[in-house]
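> dropping the sequence and predicted coords here.
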Amino acid sequence: MKKEMICINCPRGCHLTVDTETLEVTGNTCPRGKTYGISEVTNPTRIVTSTVAVEGGKFPRASVKTSAPIPKGMIFKVMDEINMVDIKAPTHIGQIVIKNVLDTSADIVITKNVEKE
């Protein structure tokens, strides 16, 4: 079976075709396209971005992201964990909100400073 996709590793956006049985990738113009295509059919991963509630801050929410890509199939479970978080101001970029979320080896980290009110 062949799967078609667009590579997102660089601005070129190559149209890839990946044979899911042999893992042969065509259409890529650089090695990153081959790596991306194989990863997408064998173990797709994503960086998750979201926000968490902040108590007593100048802003009601702070942006967060996973420190590493997580398996695509776990996105909604990770979002459920993120949605349960409520932190107090101030927040600092790089602050870990959830360590090793759902045993993925990825932390949920703050990406926006929020000062106290």
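Cool, the structure landed.

> element containing Tyr36?
Secondary structure here is read from DSSP states H and E; on that basis Tyr36 sits in helix 31-42.

> what mean pLDDT does the helix or strand following that helix get?
Scanning forward in sequence from helix 31-42, with DSSP H and E defining helices and strands, the next element found is strand 45-46. The pLDDT scores in strand 45-46 average 96.

> swap in stretch 70-82?
In this model, stretch 70-82 has an average pLDDT of 98.

> how about that stretch as PDB, C-alpha atoms only?
Extracted in PDB, the C-alpha atoms of stretch 70-82 (Å, rounded to 0.1, in the frame of the first residue of the first chain):
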ATOM      1  CA  ILE A  70       4.900  12.300  21.700                       C
ATOM      2  CA  PRO A  71       3.100   9.500  19.800                       C
ATOM      3  CA  LYS A  72       0.200  11.000  17.800                       C
ATOM      4  CA  GLY A  73      -2.300   8.500  19.300                       C
ATOM      5  CA  MET A  74      -1.600  10.000  22.800                       C
ATOM      6  CA  ILE A  75      -2.400  13.600  21.900                       C
ATOM      7  CA  PHE A  76      -5.900  13.700  23.500                       C
ATOM      8  CA  LYS A  77      -4.800  11.900  26.600                       C
ATOM      9  CA  VAL A  78      -2.000  14.400  27.000                       C
ATOM     10  CA  MET A  79      -4.400  17.200  26.500                       C
ATOM     11  CA  ASP A  80      -6.600  15.800  29.300                       C
ATOM     12  CA  GLU A  81      -3.600  15.900  31.600                       C
ATOM     13  CA  ILE A  82      -2.800  19.500  30.600                       C
END
